[in-house]
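J.: pasting the structure only:
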């Protein structure tokens, strides 16, 4: 008998009983189901016909299917695509900017012997325990900087966080050997060159992690919009969804040409349209996250290392 | 640099009196954009809290700063107004009680589930469950509020359809406060469960298999293995999560309370208002901005005190696990 099978046998001996395993499986199937059922349900509502919603409410399996909600969204593609464009623009610019700010700060914090290291460390640390809060932030962004109703109000306040910077710092500290940096310095490289030519290429995992945190943060953000944006041309998808919850007709505020507001409202499959927009928001995330999940986990566990 | 080198007196002097080098300049430049960001978006708001001590009045035709500096000092009247108001005790109770429940459940459920899922035979199935349970974490509260709405809509929602089918009375969910503590708690757990479980699981899978083998040879039961091997391994993360969450005990997840309840209708004010929703709604209404800022400053100071206190207590009990 080889050592390999011996080990496997020991593991088997330590495993739970088959009955327990079956119970556990049932438990996790149930939990998984609870986590994704709402999405399935909302999708089903979005493809229900207005008629069947009126008759039997939101059904798990509608009596009559209809693509009316999606056709409606397609007809409104000016509004929807515009919101989508804003969402994508904010997400892309925000992520790029955020990654640059976060990683450069993380790198600076990770350098031993840097004269201002103490200053930068405190600068990063203090906001973790004390913040000006929502009102003071609002006053600064809206009144002092005058960023209301600009795309920057959606981007700038979210681009850096101490938590992310510390994840980067810990990563750089533990994975990049000092000797590598020192030898590059001896070869006459500046810190900017070292950062862009050496650190970035060998630190892809942490860049991926930070980029993903930021991407999901920006894509899912509606709060900044609700505070700073009243201009309809800067409404992101999440903000659109948020406004439609309060006011079903929100999307009807700028109806397409040739229809009166009343005709327009009547033509709108209102119940299913809301759910359809939710589906439109969820689909990109649902498709993307299984592939990126591991970067989230690695980022969170790196962040948990005291450093 | 090795430890022995630092311990030599000469080296220490060399290090502390080191001259400003080109390296320092370059690193400062590299850190400058972030420093500017912190100054504008973190530290300016801290000074902006001055507004909490002012009777802010807009001076027509002048900018914000001019108005701010020419407003009268209010002393602590903004604070006394907030602390004496009837809403204060309600907000304090809601914020603290919800957070305490969330902190406890946010440790108990994910840790136990992480231990359980690590026992599954099939690692492949376990991956699938993890991925599916991670899903809610990526949803914004706006989207989640639509999920909830689909269930709780009084006329068309699933909950009332089921109640009606069972011959029971339907419930007007969005105007009946007694259900909401449970609904809000459930949604919070639902959204964060998979994510926290996976974080804990990551450290459980890092445990050396031979520890279990040794424990098993000594006759340890599964329960004892969990108690004496897995829990001690998870302790640093649990403690860190605990300190961070306690530090945020005066903050609440705005999206949860505001979105899931559909913007907190009047009937739910008593069960769903927290400091954040109060401040947000005050900001949207015409309550004076000084009074709103006072509420915010109270929250920030209270948080700062609790996080330092939590860290202090942890460092007394177990020095290694304190985070500061």
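T.: On my side now, so go ahead. Computed from a prediction, not measured in an experiment: that's the story for all the values here.

J.: can you pull the contacts of the residue in the stretch 51-200 of chain A that chain B sits nearest to?
T.: Nearest residue of the stretch 51-200 of chain A to chain B: residue A:132, at 2.7 Å (Cβ to the nearest Cβ). Using the backbone N, CA and C atoms, a C-beta is placed for each residue, glycine as well. For residue A:132, the contacting residues are A:140, B:42, B:44-46, B:48-49, B:296, B:300, by Cβ atoms under 8 Å, 6 or more residues apart in numbering or on different chains.

J.: Pull the contacting residues for residue B:219.
T.: Contacts for residue B:219 were tallied using Cβ under 8 Å, 6+ apart; there are none.

J.: Could you tell me the phi and psi values at it?
T.: Per-residue torsions, residue B:219: phi 90, psi 20 (degrees, to the nearest 10).

J.: circling back: let me know the secondary structure of the closest residue to the residue of the stretch 51-200 of chain A closest to chain B other than its chain neighbours.
T.: Take residue A:132 and drop its neighbours on the chain: the residue closest to it by Cβ to Cβ, 6 or more residues apart in numbering or on different chains is residue B:45, 2.7 Å away. What DSSP: H, G, I helix; E, B strand; the rest coil gives for residue B:45 is helix.

J.: Just the pLDDT at residue B:45, thanks.
T.: Residue B:45 is assigned a predicted lDDT (pLDDT) of 90.

J.: For the residue lying closest to residue A:14 once chain neighbours are set aside, the count of nearby residues, please.
T.: Nearest residue to residue A:14, sequence neighbours excluded (Cβ to Cβ, 6+ apart): residue B:216, at 5.0 Å. The number of residues packed near residue B:216 is 17, by other Cβ atoms under 10 Å in any protein chain shown.

J.: and residue B:216, helix, strand or coil?
T.: helix.

J.: returning to what we had before: and the contacts of residue A:132 as a markdown table, adding neighbour count?
T.: A markdown table is the format used below for the contacts of residue A:132 (neighbours: other Cβ atoms under 10 Å in any protein chain shown):
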| residue | neighbour count |
| --- | --- |
| A:140 | 23 |
| B:42 | 23 |
| B:44 | 18 |
| B:45 | 26 |
| B:46 | 19 |
| B:48 | 24 |
| B:49 | 20 |
| B:296 | 31 |
| B:300 | 24 |
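
J.: from those residues, which is closest to residue B:99?
T.: Nearest to residue B:99 out of these is residue B:300 (Cβ to Cβ; 15.6 Å).

J.: Pretty sure residue A:39 sits against residue B:135.
T.: Yes - with contact defined as Cβ atoms under 8 Å, residue A:39 reaches residue B:135; the gap is 7.3 Å.

J.: Tell me which residue in the stretch 201-324 of chain B sits closest to chain A.
T.: Per Cβ to the nearest Cβ, the residue of the stretch 201-324 of chain B with the smallest distance to chain A is residue B:296, at 3.4 Å.

J.: got it, and chain B?
T.: Going by Cβ to the nearest Cβ, chain A is nearest to residue B:45 of chain B, at 2.7 Å.

J.: what sits against that residue?
T.: Residue B:45 is in contact with A:131-133, A:136-137, A:139-140, counting by Cβ under 8 Å, 6+ apart.

J.: run the last query once more with 7 Å
T.: Residue B:45 makes contact with A:132, A:136-137, A:140 under the criterion Cβ atoms under 7 Å, 6 or more residues apart in numbering or on different chains.

J.: how does chain B divide into domains?
T.: Chain B breaks down into these domains under automatic domain parsing: B:3-73, B:78-321.

J.: and the residue nearest to residue A:14, how far is that from residue A:15?
T.: 10 Å (Cβ to Cβ, to the nearest Å).

J.: do the same with residue B:229
T.: 15 Å.

J.: who's more crowded, those two?
T.: Set residue B:229 next to residue A:15 and count neighbours by other Cβ under 10 Å: residue B:229 wins out with 18 against 13.

J.: The closest residue in space to the more buried one that isn't next to it in sequence - how many residues pack around it?
T.: Distances taken as Cβ to Cβ, 6+ apart place residue B:211 nearest to residue B:229, at 5.4 Å, with adjacent residues excluded. Residue B:211 has 14 neighbouring residues, counting by other Cβ under 10 Å.

J.: how close does residue B:211 sit to residue B:255?
T.: To residue B:255, residue B:211 is 41 Å away according to Cβ to Cβ.

J.: can you check residue B:267 too?
T.: 20 Å.

J.: Quickly note the distance from the spatially most central residue of chain A to chain B.
T.: What sits nearest the mean C-alpha location of chain A, by Cα atoms, centre = their mean, is residue A:216, with 1.0 Å. Using Cβ to the nearest Cβ, to the nearest Å, residue A:216 is found at 6 Å from chain B.

J.: Same check on residue A:17?
T.: Noted for residue A:17: a distance of 9 Å to chain B, by Cβ to the nearest Cβ.

J.: what's the answer for residue A:232, then?
T.: As for residue A:232, its distance to chain B is 17 Å (criterion: Cβ to the nearest Cβ).

J.: Can you give me the domain assignment for chain A?
T.: Following automatic domain parsing, one gets these domains for chain A: A:19-66, A:78-304.

J.: highest average neighbour count across the ones you listed?
T.: Across the domains of chain A, averaging neighbours per residue (mean count of other Cβ atoms under 10 Å in any protein chain shown) puts domain A:78-304 on top, at a mean of 19.

J.: Report pLDDT for residue B:203.
T.: pLDDT, residue B:203: 85.

J.: so residue B:302 touches residue B:250, yeah?
T.: Yes - checked against Cβ atoms under 7 Å, the pair residue B:302 and residue B:250 is within contact range at 4.4 Å.

J.: who's more crowded, these two?
T.: In this view residue B:302 and residue B:250 are compared by other Cβ under 10 Å, and residue B:250 has more residues nearby, 24 against 17.

J.: Could you list the single helix or strand in chain A with the lowest mean pLDDT?
T.: Every helix and strand in chain A was compared by mean pLDDT, DSSP states H and E; the lowest is helix A:3-14, with a mean of 52.

J.: Which SSE is immediately downstream of that one?
T.: Following helix A:3-14 in sequence order, the next helix or strand is helix A:18-46 (DSSP states H and E).

J.: Can you tell me which helices and strands the following helix or strand past that next one packs against?
T.: Reading on from helix A:18-46 to the C-terminus, the next helix or strand found by DSSP H and E is helix A:50-56. Identification of packing neighbours for helix A:50-56 by 3 or more Cβ pairs under 7 Å, 6 or more residues apart in numbering or on different chains; DSSP states H and E yields helix A:270-304.

J.: which residues in the stretch 1-150 of chain B form strands?
T.: B:54-55, B:72-73 (DSSP state E, counting those that start in this stretch).

J.: Tell me the residues of the stretch 201-324 of chain B that contact chain A?
T.: Neighbours of chain A within the stretch 201-324 of chain B, by Cβ under 7 Å from any Cβ of the partner chain: B:202, B:209, B:212-213, B:216, B:222, B:237, B:240, B:247, B:254, B:262-263, B:276, B:279-280, B:283, B:289, B:292-293, B:296-297, B:299-300, B:304, B:307-308, B:323.

J.: From these, list just the buried residues.
T.: Among these, the ones that count as buried by 16 or more other Cβ atoms under 10 Å in any protein chain shown are B:202, B:212, B:216, B:222, B:237, B:240, B:247, B:254, B:262-263, B:276, B:279-280, B:283, B:289, B:292-293, B:296-297, B:299-300, B:304, B:307, B:323.
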